[in-house]
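A.B. asks: Fold the following and give me the result.
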Amino acid sequence: NAKHVYLQVAQVHDRAGDGDAAAAALEAACKHFRASKKVWVARMERLMRQGDPPGARKVLERALQALPRRKHVRAILKFAQLEYRHGSVERARTVMDGVLAHHPKRLDLWSVYLDMETRDGAGTDPADVRRLFERAGSLNLSSKKMKYIFKRWLLWEEAHGGPAEVARVQDRAREYVEMKTGDQGGRGEDGKEEESDVEDGAAPESGGESD
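C.D. replies: Residues are numbered from 1 along each chain as shown. Have a look, this model is predicted:
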């Protein structure tokens, strides 16, 4: 469709070394498809790759004025990921913390934040990653969501921590289960007994808006 044509044209110009034409193509795409998150993200990504995070932040501000409200979180999320990879890690964390302050129970957002901090080559200090897992592990979400968090935390500690850290995660998981069973008379949200084996946790379905 026309939107993809604009994006492809921008890529062709970039490969040919014509940055001005590429920027113009993306500007036109954002003008003609204001409600499309994809075109705004493409423009932000190009600026980030060029070493212009301030320019990308200005594009984000314009995107939030143009996009439907239901797409705002995902646009901000993509910006945070780009900031983390190409800009400032601390600014990316600030953005993610701001999003989670408004949506503390959205597991898809926590999952992306953890992806940013734990991906290969991120170079993140293990202490920072552990603090993020501590925050996620302190949430009071559904058993299914918390099981996912504890399983992910456990796997990370098995790879990057020691026996004491692994045991701590297992203890935290048991404490959570004991708290839930105490609140619900030993029954989970689905009427079944709660389990403490975090190794059985399943990844959640990620919510999100379409383009």
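A.B. asks: And the average pLDDT for whichever strand or helix holds L155 is what?
C.D. replies: Here L155, judged by DSSP states H and E, is contained in helix 143-160. Averaging pLDDT along helix 143-160 yields 96.
A.B. asks: Now do the buried residues in it.
C.D. replies: 143, 145-157 (16 or more other C-beta atoms under 10 Å). The way it works is simple: take the backbone N, C-alpha and C, and place the C-beta from them, glycine included.
A.B. asks: Could you list every helix and strand that the longest helix along the chain packs against?
C.D. replies: Criterion DSSP state H: the longest helix present in the chain is helix 163-184. In terms of contact count using 3 or more C-beta pairs under 8 Å, 6 or more residues apart in numbering; DSSP states H and E, helix 163-184 is assigned the packing partners helix 126-137, helix 143-160.
A.B. asks: Now tabulate the ones you listed in TSV and tack on distance to V112.
C.D. replies: Formatted as TSV, these follow (distance: least, C-beta to C-beta, whole Å):
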stretch	distance to V112
helix 126-137	12
helix 143-160	12
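A.B. asks: for those, which one sits closest to A16?
C.D. replies: Proximity to A16, assessed across these by C-beta to C-beta, is greatest for helix 126-137 (40.4 Å).
A.B. asks: Tell me which of the helices and strands packed on helix 163-184 sits nearest to V169.
C.D. replies: helix 143-160 (4.7 Å).
A.B. asks: That closest one - contacts with which helices or strands?
C.D. replies: Contacts defined by 3+ C-beta pairs under 8 Å, 6+ apart place helix 143-160 against helix 107-118, helix 126-137, helix 163-184.
A.B. asks: deepest of the ones you listed, which one?
C.D. replies: Of all these, helix 107-118 has the most neighbours on average by mean count of other C-beta atoms under 10 Å, namely a mean of 20.
A.B. asks: Need the contact partners of that one.
C.D. replies: For helix 107-118, the surrounding residues in contact (C-beta atoms under 8 Å, 6 or more residues apart in numbering) are 73, 77, 80-81, 84, 92, 96, 99-100, 103, 122, 124, 128-129, 132-133, 136, 139, 141, 145, 148-149, 152, 156, 204, 206-208.
A.B. asks: about what we covered before: as TSV, the helices and strands packed on helix 143-160 with distance to P68 and mean pLDDT would be great.
C.D. replies: Output for the helices and strands packed on helix 143-160, formatted as TSV (distance: least, C-beta to C-beta, whole Å; pLDDT from 0 to 100):
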stretch	distance to P68	mean pLDDT
helix 107-118	18	95
helix 126-137	29	96
helix 163-184	36	91
